[in-house]
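Asks: Dropping a prediction and its sequence here:
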Amino acid sequence: MEPVRFEDLGIDDRILRAVTEMGFEEATPIQARAIPEVMTGQDIIGQAQTGTGKTASFGIPMLQMMDPKDKHVQAIVLCPTRELAIQSAEEIRKLAKFLHGIKVLPIYGGQDIVKQIRSLKGGVQVLIGTPGRVMDHMRRHTIKLDNLKMVVLDEADEMLNMGFREDIETILSQTPEERQTLLFSATMPQPIMEIARTYQKDAKIVKVVKKELTVANIEQYYYEVRPKNKEEILSRLLDIYNPALSIVFCNTKKQVDELVEGLKGRGYFAEGLHGDMKQQQRDRVMNGFRNGRTEILVATDVAARGIDVDDVDAVFNYDLPQDDEYYVHRIGRTGRAGKTGKAFTFITGREFYKLKDIQRYCRTKIMAKQVPSLNDVANVKADKIFEKVTGMIDEENLKPYIRMIEEKLEKDDYTTLDLAAAFLKMALGDDSGEKCVEVDDFGDTGAEDGMVRLFINIGKSQKARPGDILGAIAGETGIAGSLIGTIDMYDKYTFVEVPREYAKEVLVAMSSAKIKGRSINIEPANRK
Ligand code: ADP
Ligand code: MG
C-alpha cells in the first residue's frame, strides 16, 4: 500500500495540527483505511495487530463528530483495563489539543467515584472507561446517554478474554439505537463476530493483517553462489544446520518441481507446493509437513501464502524474492512464538544490489557468509555421530559387541582405531566418507602454507586464460574466487593453488568439469 498522508484523509485542520505535533508523518495502514470509513458514519470492524495505531483510527473521526457546545457524553470507548483506558485517553486528548471545548475523561475501577462524578458534572463529551465502571455510572445515572453518537469497543478480544461480555451487552443495549458502533481488535474470534452481528448494523470489515514485520528473532545470512551450484550448497546447509522443518522459496513453479526432484534424489524428505497443484495434493503436502514426515517444503510465494505452521526452523531463499515485501513474508515463517529462526538467502551476480534494497526496505541486516566446504559438512556430521556414540557408551550395554570386536581383533591384524575409523566412514555415508579428507593427504605440493598446488592439463596453447581456470573452480565448487591462490599458466598445463581444506573438493568437482569445452585432468602437483 502506498503511504497515505493525514492531509489526504479529509481531517479537520485542528486535528491535523495535533497529529503533526505528535510527530506522526503518515497514516498507518489501519488508519488510512479505517478513518475514511468511520467518517461516512457506518459501523466498522477494524482488525490490526497491536501497536498499529488503532486508537487514532477511531479517535480522529470520533473527535471530528463531537459538538463542543453539547456538554453531554457523545462518545464512549470501552477498554479492557485501566492502563489501556488511561493510555487511550491520553492519546485522544493529544489529538483533541486544538479542539476547544472538547473534554476527554478516563474512568475506571479503583479510582474515587465521587471525584469521577464531579468531573463528569463539568461536562465530558468523550468517555473512556472499563466496562464495569461505565456500568456503575449508568446505574447511578451519573452519565446520560441520550446524546450518545458513538460507542467503540477497543481491544475487543481482550475484553472478552477478561469476561466483560455481559457488561458490554448491558451497556450496548442501553444506548441509543442510532449510534455508530465501532469494534477494534487484534484478533477476530467467533464470539466477537457474534457481538458484531448483534450490536452493529452491516458492519464493514477493515482488516490489515501483516505477517510479523519484525524480523528481530531471525538470524539472516546470504551466500554468493552460481546458479548451478545452488542445489549443492542448499544440501550442505541442510546437512550442517539440520533443521527439523524448513521452507525453501523459489520464484517459479518450474524451479519448485526441479528442486524437489533434485532434493529427493539426494535423499531428503522434500515436497513441493505451487499454484498448479490441486487442492487435494496441496492438503496432502501440507499434512506431511505439519506432522514432520516432510521436512523440507519447497514453495512459491503465492502457494505459501496460506501456510500456518509455527515451528519452521529455517527459511531458504533459493531465489531472491521479486518483491522486497515478500522477503519479510518469507522469512517471517520462522522465528515465531518467541523462538529464534534462521534465514538463508542465495544471491547470484548483480542480485547483490537487490539485496541492498531489501535490507533498506526491511531495516534489517543480512550478513555475508562463506559457502561451507564439504569438509565443514563432514565435520558437522561426524560431531553428531560422536555425540550419539558417546551417549550409547554411557547408557547402553555394549558387552556383546565388545566381545565381537575382540574376536575380530584376535583373528585379524587390525587395531581398534582401524575398526573405529571404518565404522565412522560407514556412518558418515559412502559419499562424504569419500570426500572427507585428511589435510595431509596431499603431502608437500610446493604450494604456499595452507594451500595445495594442483596440476591441470590445459594451458595457453588451448587458448585457456587464468580467468577460465578461476571461473571453472569457483563455478564447480562455490568457493569464492578470492580464496583461490596463484595460477601459473604454461603452454600445455597450469598450476593453481587452492586452500588445503578445499583441495579434495576441487579435485572431486573438477574431475568431471570442462574448461574451454575440453574435459580435463586434474591432480595434486608433485614436488620437484
Ligand atoms: P494499537 O491500539 O493498535 O495497539 P496504538 O493506537 O496504541 O496502537 O498506537 C501505538 C503507538 O503508535 C502509540 O504510541 C501511538 O502514538 C503511535 N502512533 C499511532 N499512529 C501513528 C502514526 N501514524 N505514526 C507514528 N506513530 C503512530
Ligand atoms: Mg489499542
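Replies: Structure's in. What do you need? Ligands and ions are numbered 1, 2, ... in the order given.
Asks: Near ligand 1, which residues of this structure are found?
Replies: Proximity of the chain to ligand 1 is confined to 24, 27-28, 31, 48, 50-56, 91 under the rule Cβ under 6 Å from any ligand atom. Just so you know, the C-beta spots here come from the backbone N, C-alpha and C atoms, and that holds for glycine as well.
Asks: Filter these down to the buried ones and hand me the ChimeraX line.
Replies: Applying 16 or more other Cβ atoms under 10 Å to those, the buried members can be selected in ChimeraX as follows:
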select :24,27,28,31,48,52,53,54,55,56,91
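Asks: Looking at the residues of the chain next to ligand 1, which is nearest residue 388?
Replies: Proximity of these to residue 388 (Cβ to Cβ) peaks at residue 50, which lies at 43.7 Å.
Asks: so what pLDDT did that closest one get?
Replies: Residue 50 carries a pLDDT value of 72.
Asks: For it, give me its contacts.
Replies: Contacts for residue 50 (Cβ atoms under 8 Å, 6 or more residues apart in numbering) come out as residue 186.
Asks: Look at it and tell me its secondary structure.
Replies: Taking DSSP: H, G, I helix; E, B strand; the rest coil as the rule, one finds residue 50 in the coil state.
Asks: State the distance from it to residue 217.
Replies: In this view, residue 50 and residue 217 are 17 Å apart by Cβ to Cβ, to the nearest Å.
Asks: in the chain, which residue is closest to the centre?
Replies: Centrality entry for the chain: nearest residue to the mean C-alpha point is residue 332, 1.7 Å, by Cα atoms, centre = their mean.
Asks: Phi, psi for residue 255 please.
Replies: Taking degrees, to the nearest 10, you get phi -60, psi -40 for the backbone angles of residue 255.
Asks: All further residue positions should be reported with the first residue as 748.
Replies: Got it, the first residue is 748 from now on, which makes the last one we talked about residue 1002.
Asks: May I ask you to confirm that it is in contact with residue 1065?
Replies: Yes. Using Cβ atoms under 8 Å, residue 1002 is in contact with residue 1065, at 7.2 Å.
Asks: Going by proximity to ligand 1, name the top residue of the stretch 1098-1247 of the chain.
Replies: residue 1110 (15.0 Å; Cβ to the nearest ligand atom).
Asks: As a check, name the ranges of all helices in the stretch 848-997 of the chain.
Replies: Per DSSP state H, counting those that start in this stretch, the stretch 848-997 of the chain carries helices over the ranges 860-868, 878-886, 903-908, 912-920, 937-946, 977-988.
Asks: In the sheet, which residues pair with residue 1203? Tell me.
Replies: residue 1241, residue 1269 (DSSP bridges).
Asks: List the residues that contact it.
Replies: Residue 1203 is in contact with 1216, 1240-1243, 1257, 1262, 1267-1269, counting by Cβ under 8 Å, 6+ apart.
Asks: which one of those residues is nearest residue 1052?
Replies: For those, the nearest to residue 1052 is residue 1257 (42.1 Å; Cβ to Cβ).
Asks: Against ligand 1, how distant is the closest one?
Replies: Residue 1257 sits 57 Å away from ligand 1, going by Cβ to the nearest ligand atom, to the nearest Å.
Asks: so that residue sits right up against residue 1267, yeah?
Replies: Yes. Using Cβ under 8 Å, residue 1257 is in contact with residue 1267, at 7.0 Å.
Asks: Of those two, which one has the most company?
Replies: residue 1257 (24 against 20; other Cβ atoms under 10 Å).
Asks: mind checking how far the more buried one is from residue 1223?
Replies: Counting by Cβ to Cβ, the gap from residue 1257 to residue 1223 is 6 Å.
Asks: Got the phi and psi for residue 1221?
Replies: Note on residue 1221: its backbone torsions stand at phi -60, psi -40 [degrees, to the nearest 10].
Asks: just checking, it touches residue 1214?
Replies: No. Residue 1221 is beyond contact range of residue 1214, at 10.3 Å (criterion: Cβ under 8 Å).
Asks: neighbour count winner among the two?
Replies: Counted by other Cβ under 10 Å, residue 1221 and residue 1214 do not tie: residue 1221 has more neighbours, with 20 against 10.
Asks: List the contacts of that one.
Replies: Neighbouring residues of residue 1221 by Cβ under 8 Å, 6+ apart: 973, 1227-1228, 1231.
Asks: Can you tell me which of those residues has the most neighbours?
Replies: Going by other Cβ under 10 Å, residue 1231 tops the contacts of residue 1221 with 21 neighbours.
Asks: From residue 1223, how far out is that residue?
Replies: As for residue 1231, its distance to residue 1223 is 12 Å (criterion: Cβ to Cβ).
Asks: Repeat that for residue 751.
Replies: As judged by Cβ to Cβ, residue 751 and residue 1223 stand 51 Å apart.
Asks: Those two - which one has more neighbours?
Replies: Taking other Cβ under 10 Å, residue 751 and residue 1223 do not tie; residue 1223 has more neighbours (22 against 17).
Asks: can you give me the mean pLDDT across the strand or helix carrying the more buried one?
Replies: Using DSSP states H and E, the element containing residue 1223 is helix 1213-1224. What helix 1213-1224 shows for mean pLDDT is 88.
Asks: Mind listing the strands the helix or strand following that helix pairs with, and their directions?
Replies: Using DSSP H and E, the helix or strand that follows helix 1213-1224 in sequence is strand 1234-1236. Taking DSSP bridges as the criterion, strand 1234-1236 forms sheet pairs with strand 1241-1246 (antiparallel).
Asks: quick one: the partner strand to helix 1213-1224, angle?
Replies: Relative orientation of strand 1241-1246 and helix 1213-1224, computed by axes from the mean of the first three to the mean of the last three Cα atoms, to 10 degrees: 50 degrees.
Asks: hang on, the earlier thing: and the residue of the stretch 1098-1247 of the chain closest to ligand 1, how close does it get to residue 1080?
Replies: 19 Å.
Asks: Settle it for me: which of these two has more neighbours?
Replies: Per other Cβ under 10 Å, whichever of residue 1110 and residue 1080 has more neighbours is residue 1080, with 26 against 9.
Asks: Residue 1060 is in contact with the more buried one, correct?
Replies: No. Assessed by Cβ under 8 Å, residue 1080 is found out of contact with residue 1060, at 10.1 Å.
Asks: what about residue 1039, how many neighbours?
Replies: So residue 1039, with other Cβ under 10 Å, has 11 neighbours.
Asks: Need the pLDDT of it.
Replies: For residue 1039, the pLDDT comes out at 86.
Asks: Helix or strand: which one has it?
Replies: Under the criterion DSSP H and E, no helix or strand holds residue 1039.
Asks: Report the contact partners of it.
Replies: Per Cβ under 8 Å, 6+ apart, neighbours of residue 1039: 991-992.
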